[in-house]
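Novice: Could you work out the structure for the sequence below:
(chains A and B)
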Amino acid sequence: MFSLLSKLTPPLSKTALHLPKSFSTTTPQPQNTTSAAAILTGLILTSTNPKSLTQSLLSPSINWTPLLVDTILKQLWNHGPKALQFFHLLLHNHPTYIHSVSSFDHAIDIAARLRHYATVFTLLHRMRSLRLHPTPKTFAIIAERYVAAGKPDKALKIFLSMHEHGCFQDLHSFNTILDVLCKAKRVEKACNFFKVLRGKFKADVISYNIIANGWCLIKRTNMALETLKEMVEKGLTPNLTTYNIMLKGYFRAGQIEEGWKFFLEMKKRKCEIDVVTYTTVVHGLGVAGEIKRARKVFDEMVREGVLPSVATYNALIQVLCKKDCVENAILVFEEMLRKGYVPNSTTYNVVIRGLCHKEQMDRAIEFMDKMRDDECGPNVQTYNIVIRYFCDAGEIEKGLELFQKMSCGDCLPNLDTYNILIGAMFVRKKPDDLVVAGKLLIEMVDRGFMPRRLTFNRVLDGLLLTGNQGFAKGILRLQSRCGRLPRQFKL
DNA sequence: ATAGGGTTAG
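Specialist: Residues are numbered from 1 along each chain as shown, chains lettered A, B, ... in the order given. Presented below is the predicted three-dimensional model:
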């Protein structure tokens, strides 16, 4: 297996500087766009009358720009129907403003996620009639949504028909579709497709890396090695990314000692191992419970002159939370602050989860408040973590309180949030809780999230058992409209 | 948005 490593000639170029990611410049958004977007998002969410909303949106005082539209669409991501309504109102009613390609991409993404495929194709055609060309990215979005909906063949079909929509197929787009399939764990399908077309598109190292990573994602490291062997036989040279993929694959598959040996071999062969390599090993060892070894590797990387990134710290903090103790994790968190790193939402979420797990909810909330000061406010994941732990601890009211807080803030609940809360409505066996569950069910459907049939049935049973026949009937009609009706029912 | 490292429970 290490014969692959000998192909690493000449040595990979050294990355000039290993600056922590937080030191890189981020593009600031104009303040006026951010605040205008927040106001408009609020307006769209609270409006009940499309006509008056249209009038408000057409007000000449609003200076529509692609950035403003994109920002609003992102904020409405977890309220798909409202997002599409907004996009269409501008599209059909504004006298001068024309949507940009990126706004069309957002709208297509949302429509495809809602499985409104007719809308997807209408928008594609509308783009062409406006002489805006769909890009390879547009097709990557559609393909990804098809795969997520369990329709990988449709994804391949749309890729193969790209040229009919005025978009050229090349190696880039070929690699993209392979990656979409692999990331969705449809590796077998990706591999077959790859074998048929790799000659035509002149597959490169990136193509092989994508397939090898796919096998690693489903823990079939031997198939990944096979793929890389084929690559070498075709005269292509593995690069550092190739080795990092294999390394991660071993740890993910629980082959800790294989991973460790591979890491030692990478060092011996003088690969210019980088921050990604070290982060992979720190995380891999830590997840396996090897905290001391993980720490050693972390110290070693600093000695070797490879600066840890925020992701490296996140990896270390997470494994300390899981396999050591939260206190030590928080010490590392404080150390990273002292060194000038800016924690991101992942850092906070990891610490908050660790605190929740140790039933230190008050401290978890403190960290949540600290996030706001670091201008990465709590995100949906943060809320979902804390809401889940409150509910698990039987503090349903506190969970609901946080849910209310997010509903009126800039962070809309997602499918997980609704599933967590609806599930929690059954623990106290209170009739009122089931009414809340029913209301949550109605709200989530309204926002474009599809509850599972089981969820419908549980809520229905609960309402019937607590004597709420009237409401149950309404839920049953909703279930019917969603196509989630049990067979034996006829309405 | 052509590839690799940190968040998720069961």
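
Novice: Residues touching the helix or strand hosting A:Leu156, excluding its own?
Specialist: Assigned by DSSP states H and E, A:Leu156 belongs to helix A:152-160. For helix A:152-160, contacts defined as CB atoms under 8 Å, 6 or more residues apart in numbering pick out A:139, A:142-144, A:146-147, A:169, A:173, A:177, A:180-181, A:184, A:186, A:189, A:193. Quick note: C-beta positions are derived from backbone N, CA and C, even for glycine.

Novice: same thing but at 6 Å, please
Specialist: With CB atoms under 6 Å, 6 or more residues apart in numbering as the test, helix A:152-160 has contacts from A:Phe139, A:Ile142, A:Ala143, A:Tyr146, A:Val147, A:Ile177, A:Arg186, A:Lys189.

Novice: Show me which positions of that helix end up buried.
Specialist: Residues of helix A:152-160 classed as buried by neighbour count (16 or more other CB atoms under 10 Å): A:Pro152, A:Lys154, A:Ala155, A:Leu156, A:Ile158, A:Phe159.

Novice: Who are the packing partners of the helix or strand hosting A:Ser52?
Specialist: For A:Ser52, the host element (DSSP H and E) is helix A:50-57. Identification of packing neighbours for helix A:50-57 by 3 or more CB pairs under 6 Å, 6 or more residues apart in numbering; DSSP states H and E yields helix A:80-93.

Novice: Tell me what angle the helix it packs on forms with helix A:50-57.
Specialist: 70 degrees (axes from the mean of the first three to the mean of the last three CA atoms, to 10 degrees).

Novice: Identify the residues contacting the residue sitting nearest the centre point of chain A.
Specialist: Centroid-nearest residue in chain A: A:Gln381, 10.3 Å away (criterion: CA atoms, centre = their mean). When contacts are counted by CB under 6 Å, 6+ apart, A:Gln381 touches A:Asn349.

Novice: re earlier: for the buried residues of helix A:152-160, give me JSON lines that also has pLDDT and distance to A:Phe471.
Specialist: Formatted as JSON lines, these follow (pLDDT from 0 to 100; distance: CB to CB, whole Å):
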{"residue": "A:Pro152", "pLDDT": "96", "distance to A:Phe471": "39"}
{"residue": "A:Lys154", "pLDDT": "97", "distance to A:Phe471": "38"}
{"residue": "A:Ala155", "pLDDT": "97", "distance to A:Phe471": "40"}
{"residue": "A:Leu156", "pLDDT": "97", "distance to A:Phe471": "44"}
{"residue": "A:Ile158", "pLDDT": "96", "distance to A:Phe471": "42"}
{"residue": "A:Phe159", "pLDDT": "96", "distance to A:Phe471": "46"}
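
Novice: So for the helix holding A:Ser52, mean pLDDT?
Specialist: Per-residue pLDDT values over helix A:50-57 give a mean of 96.

Novice: immediately after that helix, which helix or strand?
Specialist: Using DSSP H and E, the helix or strand that follows helix A:50-57 in sequence is helix A:66-75.

Novice: could you say what helices and strands that following helix packs with?
Specialist: The contact analysis (3+ CB pairs under 6 Å, 6+ apart) places helix A:66-75 against helix A:31-46, helix A:101-113.

Novice: between these, which gets nearest to DNA strand B?
Specialist: helix A:101-113 (6.3 Å; CB to the nearest atom of the strand).

Novice: Need the winner for burial among the helices and strands packed on helix A:66-75.
Specialist: helix A:101-113 (a mean of 21; mean count of other CB atoms under 10 Å).

Novice: neighbouring contacts of that helix?
Specialist: Helix A:101-113 has contacts (CB under 6 Å, 6+ apart) with A:66, A:69-70, A:73, A:80, A:83-84, A:87, A:119-120, A:123, A:127, A:132, A:138, A:141-142, A:145.

Novice: so does the helix holding A:Leu156 get close to DNA strand B?
Specialist: No - using CB under 7 Å from any atom of the strand, helix A:152-160 stays clear of DNA strand B, coming no nearer than 11.6 Å.

Novice: And A:His165, how far from A:His172?
Specialist: Distance, A:His165 to A:His172, using CB to CB, to the nearest Å: 16 Å.

Novice: Between the two, which is the more surrounded one?
Specialist: A side-by-side neighbour count of A:His165 and A:His172, using other CB atoms under 10 Å, places A:His165 first with 16 against 12.

Novice: which ones are touching that one?
Specialist: A:His165 sits next to A:Pro134 when contact means CB under 6 Å, 6+ apart.

Novice: Same list (the buried residues of helix A:152-160) but as a markdown table, adding distance to A:Arg220.
Specialist: Formatted as a markdown table, the buried residues of helix A:152-160 follow (distance: CB to CB, whole Å):
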| residue | distance to A:Arg220 |
| --- | --- |
| A:Pro152 | 18 |
| A:Lys154 | 25 |
| A:Ala155 | 22 |
| A:Leu156 | 22 |
| A:Ile158 | 27 |
| A:Phe159 | 24 |
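
Novice: circling back to that earlier point, just the contacts of helix A:152-160 now: which is nearest DNA strand B?
Specialist: Proximity of the contacts of helix A:152-160 to DNA strand B (CB to the nearest atom of the strand) peaks at A:Ala143, which lies at 8.1 Å.
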